[in-house]
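Sequence and predicted structure, then a few things I'm wondering about:
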Amino acid sequence: MNCSRKRREITRKYTRWLFENNKQYIRNLLLMYMSLYPIFAVLHSYGTSKPFSTLASLSFFAGLPLLIAAYVCTFIDKCVPYIRTINATAFLGVSLNITLTYAYHILGYDTLDSYYTILVISLAMLGLSMSKVLLINLYIALSAILFILISVFVHELPTYNSHLFVRSSTYVIVASGLFTMAGLVIDRFLFKLFCAQKNITKEIVKISDQKDTLENLNETKDRFFSIISHDLRSPFTSLIGYFDILLRNDGKEFKVRKDDIEKIYLHVRRTYNLLNNLLNWSKTQLNEYEHKPKRYKLGPIFAENRSLYREIASQKGIKITHSYPRNAMVYCNKEMIATIIRNLIFNAIKFTRSRGEIHLSARQIGENEIEIAVKDNGIGMHDKDIDKVLNPTIHHVKKGTHSEKGAGIGLIICNDILKKHNSKMQIESKRNVGSKFFFVLPIYPEMRVTHVADSV
């Protein structure tokens, strides 16, 4: 069943490709026959025992409508998969129409030679019409058989003129065989060309994808080393400075001020966060993240990440609160989602003024969806900046409210991780009002929605 379906799909694609590459040729062929059809009718009228009007009517109404219908079908997209069958049937009408006129001919070498010429031209057009090969073979054979039957039963050539019968039959059979072979050879050649072009297209797409991947990896490498050389080195420079001051103290014992310890802690914490982001970023870029989602409680994930930034938030006088549905469950990769929440909280602290507020929340928005959000009342951003912070090709770095520095990769990592969860980062922000960063994850239908709230 699958093989048959696949074969039909390849046939449809081949037919469309054949038509798209030869539609002008096919249309011109049909137009030529439509314009020459009246001439054929006139030529057939000579040597016939019937009135010309009867023969002309037969010619016009038996073959011309089929050609017109086939021509119109070349402009209808729905007919393209069947265009080869339609063309073959139209040319069959022409061939049979010409063959049937043979029944009206008065026997004679001159009139038969004229008839042979027109019939062979018809068979040639059928063979070269890029119609369906099976139908070409069938229709050419049908035309040849019909000619021989008319010769035997209408004109009784075997008894009347056996030499003329042999000559006529041989002439038509040889022509039929030649054009049948021509149809087979042309179709076989065109199908090989189609397969070759299809393979070349696949290789071009593959090479293009590899090129894009290499360019992205190269950009990632350059950005990675830029961050290492500048952003990662800067905190260590400050730390070395603090320790140099302490080591230059001549006394064996000395007191360290609390604010110095806080500064050292902040530098260490930010450096750790940066290192963690660099490692996560490199994993996402190299597709080394194992995405194995499981069922987790949301509360512990919230509490763990809130406590990590308790000290940093308190130093700016920022209050962090959170709310979430009681017994909330999420279907996700826990470490990946924890990384996202850490980055969003750190980002909110960075761009929130002293004595500001940050709210980490979750709410059910559908039968099997939960929205997780980090909202602050910080400095906010313009609409044009929203597009920049999520664009991996733009290195968008902005200092925080206390001149905090960043590497500009936190939100990009979040967005890359969310793509693996079939989700995306969404941002709502207004300048000097605040920002809301949120995303959606799947939940289990039995989750209860009873909100609890608490603060730090």
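Received it, and whenever you're ready, just let me know what you need. Residues are numbered from 1 along each chain as shown.

Show me the domain layout of the protein.
2-204, 286-455 (automatic domain parsing).

for this structure, which helix is longest?
helix 162-229 (DSSP state H).

Pull the distance from that helix to the chain's centre.
20 Å (Cα atoms, centre = their mean, to the nearest Å).

Show me what it is packed against.
For helix 162-229, the packing partners by 3 or more Cβ pairs under 8 Å, 6 or more residues apart in numbering; DSSP states H and E come out as helix 2-45, helix 109-127, helix 133-153, helix 157-160, helix 258-285. In short, each C-beta sits where N, CA and C put it, glycine included.

which stretch in these has the least confidence?
Ranked by mean pLDDT, those bottom out at helix 109-127, with a mean of 61.

Report the inter-axis angle for the longest helix of the chain versus helix 2-45.
Inter-element angle recorded for helix 162-229 and helix 2-45: 140 degrees (by axes from the mean of the first three to the mean of the last three Cα atoms, to 10 degrees).

Name the residue closest to the centre of the chain, please.
A centroid search over the chain (Cα atoms, centre = their mean) returns residue 205, at 11.3 Å, as the residue closest to the centre.

got a pLDDT number for that residue?
Note on residue 205: pLDDT of 91.

Of all the residues in the helix or strand hosting residue 338, which ones are buried?
Per DSSP states H and E: residue 338 is located in helix 334-350. The neighbour-count check on helix 334-350 (16 or more other Cβ atoms under 10 Å) flags 334, 336-350 as buried.

Which strands or helices does it pack on?
By 3+ Cβ pairs under 8 Å, 6+ apart, helix 334-350 packs against helix 258-285, helix 298-308, helix 310-315, strand 357-366, strand 369-376, helix 410-420, strand 434-442.

Out of those, which is closest to residue 160?
Between residue 160 and those, the shortest separation by Cβ to Cβ is 83.3 Å, and it involves helix 410-420.

Taking helix 334-350 as reference, get the angle to that closest one.
Using the same axes, to 10 degrees: helix 410-420 against helix 334-350 is 150 degrees.

Use 20 as the first number for this chain going forward.
Happy to do that; since the first residue is 20 now, the last one works out to helix 429-439.

Give me the mean pLDDT for helix 429-439.
Rounded mean pLDDT across helix 429-439 is 82.

Name the residues of the helix or strand just after it that are buried.
Sequence-wise, the next helix or strand downstream of helix 429-439 (DSSP H and E) is strand 445-449. The neighbour-count check on strand 445-449 (16+ other Cβ under 10 Å) flags 445, 446, 448 as buried.

now those as TSV including pLDDT and distance to residue 299?
What follows is these, written out as TSV (pLDDT from 0 to 100; distance: Cβ to Cβ, whole Å):
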residue	pLDDT	distance to residue 299
445	92	20
446	92	20
448	91	24
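
For residue 438, state which of those residues is nearest.
For those, the nearest to residue 438 is residue 445 (13.2 Å; Cβ to Cβ).

ok now do the residue nearest to the closest one when sequence neighbours are not counted, which residues does it touch?
If the residues on either side of it in the chain are set aside, residue 445 comes closest to residue 457, at 5.4 Å by Cβ to Cβ, 6 or more residues apart in numbering. For residue 457, the contact set (Cβ atoms under 8 Å, 6 or more residues apart in numbering) comprises 390, 391, 392, 393, 444, 445, 447.

at 7 Å instead, please
Residues in contact with residue 457 (Cβ atoms under 7 Å, 6 or more residues apart in numbering) are 390, 391, 392, 445.

Which residues does the first one form beta bridges with?
I take that to be residue 390. residue 382, residue 459 (DSSP bridges).

circling back to that earlier point, are any of the contacts of residue 457 buried, and if so which?
Counted by 16+ other Cβ under 10 Å, those give 391, 392, 445 as buried.

How about the contacts made by the second one?
By Cβ under 7 Å, 6+ apart, the contact set of residue 392 is 380, 455, 456, 457.

if you set the cut-off to 6 Å instead, what comes out?
By Cβ atoms under 6 Å, 6 or more residues apart in numbering, the contact list for residue 392 reads 380, 455, 457.

related to what we said a few turns ago, okay if I get the buried residues of strand 445-449 as JSON lines plus distance to residue 38?
Output for those, formatted as JSON lines (distance: Cβ to Cβ, whole Å):
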{"residue": "445", "distance to residue 38": "45"}
{"residue": "446", "distance to residue 38": "47"}
{"residue": "448", "distance to residue 38": "52"}
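
nearest to residue 376, of those?
Out of these, the member with the shortest distance to residue 376 (by Cβ to Cβ) is residue 448, at 15.5 Å.

what sits opposite the spatially closest residue to the closest one that is not a sequence neighbour in the beta ladder?
Using Cβ to Cβ, 6+ apart and skipping the chain neighbours, the partner closest in space to residue 448 is residue 454 (3.9 Å). Judged by DSSP bridges, the bridge partners of residue 454 are residue 395, residue 448.

and residue 454, what does it touch?
395, 399, 448.

One more pass at 10 Å, please.
Shown in contact with residue 454 (Cβ atoms under 10 Å, 6 or more residues apart in numbering): 363, 366-367, 370-371, 393-400, 405, 446-448.

One more: residue 402?
Contacts of residue 402 by Cβ under 10 Å, 6+ apart are 446, 448, 449, 450.

In CSV, list those residues along with distance to residue 171.
Putting the contacts of residue 402 into CSV (distance: Cβ to Cβ, whole Å) gives the following:
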residue, distance to residue 171
446, 85
448, 90
449, 93
450, 95
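
what's the farthest-apart pair in those residues?
446 and 450 (13.0 Å).

Could you single out the nearest of the contacts of residue 402 to residue 296?
For those, the nearest to residue 296 is residue 446 (18.5 Å; Cβ to Cβ).

In terms of helices and strands, where is the residue lying closest to the closest one once chain neighbours are set aside?
Distances taken as Cβ to Cβ, 6+ apart place residue 405 nearest to residue 446, at 4.9 Å, with adjacent residues excluded. Assigning secondary structure by DSSP H and E places residue 405 in helix 402-408.

Go through the contacts of residue 457 and name the one nearest residue 98.
residue 445 (44.7 Å).

for the closest one, what are its contacts?
Contacts here follow Cβ under 10 Å, 6+ apart; on that basis residue 445 touches 390, 392, 405, 409, 434, 437, 455, 456, 457, 458, 459.

now the residues you listed: which count as buried?
For the contacts of residue 445, a burial check counting by 16+ other Cβ under 10 Å picks out 392, 409, 434, 437, 455, 456, 457, 458, 459.

Test my guess that residue 35 contacts residue 41.
No - at 11.2 Å, residue 35 and residue 41 do not qualify as touching, with contact defined as Cβ atoms under 10 Å.
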